[in-house]
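>>> Take this sequence and fold it.
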Amino acid sequence: MRLLVTGATGFTGGHLARYLASRGHEVRALVRAGASPEARDALTVAGVQLVEGDLRDEAALARACAAVEVVYHIAAIYRQAGLGDDEYRAVNADAVRAVVLAAAAGGARRVVHCSTVGVHGDVEHPPANEDAPLRPGDIYQVTKLEGEVAALEAGRQAGIDVVIVRPTGIYGPGDRRLLKLFRGVARRRFVVLGSGRIFYHITYIDDLVEGFRLAGDVPAAAGRTYILAGGEVTTLDELIALIAEEARVPRPRLRLPAWPFWIAGAACEALCSPFGVEPPIYRRRVDFFTKSRAFDISRARTELGYAPQVSPREGIRRTLEWYREAGWL
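Numbering: from 1, shown residues only. Reported below is the predicted structural model:
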């Protein structure tokens, strides 16, 4: 098939584009002019065709979407200091509608849109499924939920299938979001805030990209929403213990109460945000230690045939090995 992946110079999109190309598909990637040469080269070596352009450029979207069968829309603005709400909304919501309409105009049969389990906020009664309450907690999560709505509305308007995918915490070789956790534990510099008994549900990148592929292929997925996560749920304490064991270091013992850091984070954000400065501490980092995230993937298992293969221990081992080889630890 001829496929398009947006966000292919990022961690998830890059893995997905290369995975689809390895399965014999003709894969295109919409790539911004400022994308890193390393990311571009990795795609080119994998046989991915690069189409220069931005999500907000209608002509570039039309070129990228021409005669493709499935569009995997992964591109998004994650959390960055100094960005206004309008910038998040332009990419995470408004551009989603443009992608779906361009895909329909180009003849695609389906758009698979990457959202996040963050739209559910803190999970009060874990594990949560796709029908759990939606309580986004910051502008990133708010605009990702707006993007879901925009995708489904545009799909209905243009007569094209839309599938929503909500991944949990993604990790694996090349990931930078959980690098601080891995590095902190491996270097014996990690401090646990709070009890550590909250759930943290991770997803290894190889399992996730297979889930995306299934969301693009399975006919019955049209119009559905799926949570994609690993097959096992751990508490934060259990996750940290696994990283320590695989890194062959003692498990972190220092624990501090979370609430003083949350207050300090709020103060730092208030002082730094107007100047576009990354706060030394912010509430979202504290939320990592205090908000429970555990999810039920029964719908994806039953309807897509999604069957995650990589256990947390194996995924952590592979990730640590890659970090060591890359010099990131």
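>>> Near residue 167, how many other residues are there?
Neighbour count for residue 167, taken as other C-beta atoms under 10 Å: 25. (Each C-beta comes from the backbone N, C-alpha and C, glycine too.)
>>> For the closest residue to it other than its chain neighbours, what are phi and psi?
In space, and not counting its chain neighbours, residue 167 is closest to residue 228: 5.0 Å by C-beta to C-beta, 6 or more residues apart in numbering. Here is the backbone geometry of residue 228 (degrees, to the nearest 10): phi -110, psi 120.
>>> If you tally nearby residues, what's the number for residue 83?
Residue 83: 16 surrounding residues under other C-beta under 10 Å.
>>> backbone phi and psi for the spatially closest residue to it that is not a sequence neighbour, please?
Distances taken as C-beta to C-beta, 6+ apart put residue 77 closest to residue 83, at 6.8 Å, once the chain neighbours are dropped. Here is the backbone geometry of residue 77 (degrees, to the nearest 10): phi -90, psi 120.
>>> my guess is residue 77 meets residue 92, correct?
Yes - if you go by C-beta atoms under 8 Å, residue 77 and residue 92 touch, sitting 5.9 Å apart.
>>> For the two, work out which one has more neighbours and name it.
residue 92 (26 against 18).
>>> The more buried one belongs to a helix, doesn't it?
Yes - judged by DSSP: H, G, I helix; E, B strand; the rest coil, residue 92 forms part of a helix.
>>> From residue 194, how far off is it?
Note on residue 92: its distance to residue 194, by C-beta to C-beta, to the nearest Å, is 29 Å.
>>> Okay, helices next: where are they in this protein?
11-22, 37-45, 58-65, 85-89, 95-105, 139-158, 179-186, 205-217, 236-247, 259-272, 283-290, 298-299, 312-326 (DSSP state H).
>>> Turn those helices into a markdown table, columns for mean pLDDT, distance to residue 128 and mean neighbour count.
Converted to a markdown table, the helices of the chain look like this (pLDDT from 0 to 100; distance: least, C-beta to C-beta, whole Å; neighbours: other C-beta atoms under 10 Å):
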| stretch | mean pLDDT | distance to residue 128 | mean neighbour count |
| --- | --- | --- | --- |
| helix 11-22 | 98 | 21 | 23 |
| helix 37-45 | 95 | 33 | 14 |
| helix 58-65 | 94 | 33 | 19 |
| helix 85-89 | 89 | 24 | 15 |
| helix 95-105 | 97 | 23 | 23 |
| helix 139-158 | 96 | 14 | 20 |
| helix 179-186 | 96 | 22 | 18 |
| helix 205-217 | 98 | 17 | 23 |
| helix 236-247 | 97 | 17 | 20 |
| helix 259-272 | 78 | 23 | 15 |
| helix 283-290 | 77 | 16 | 18 |
| helix 298-299 | 98 | 12 | 14 |
| helix 312-326 | 97 | 19 | 17 |
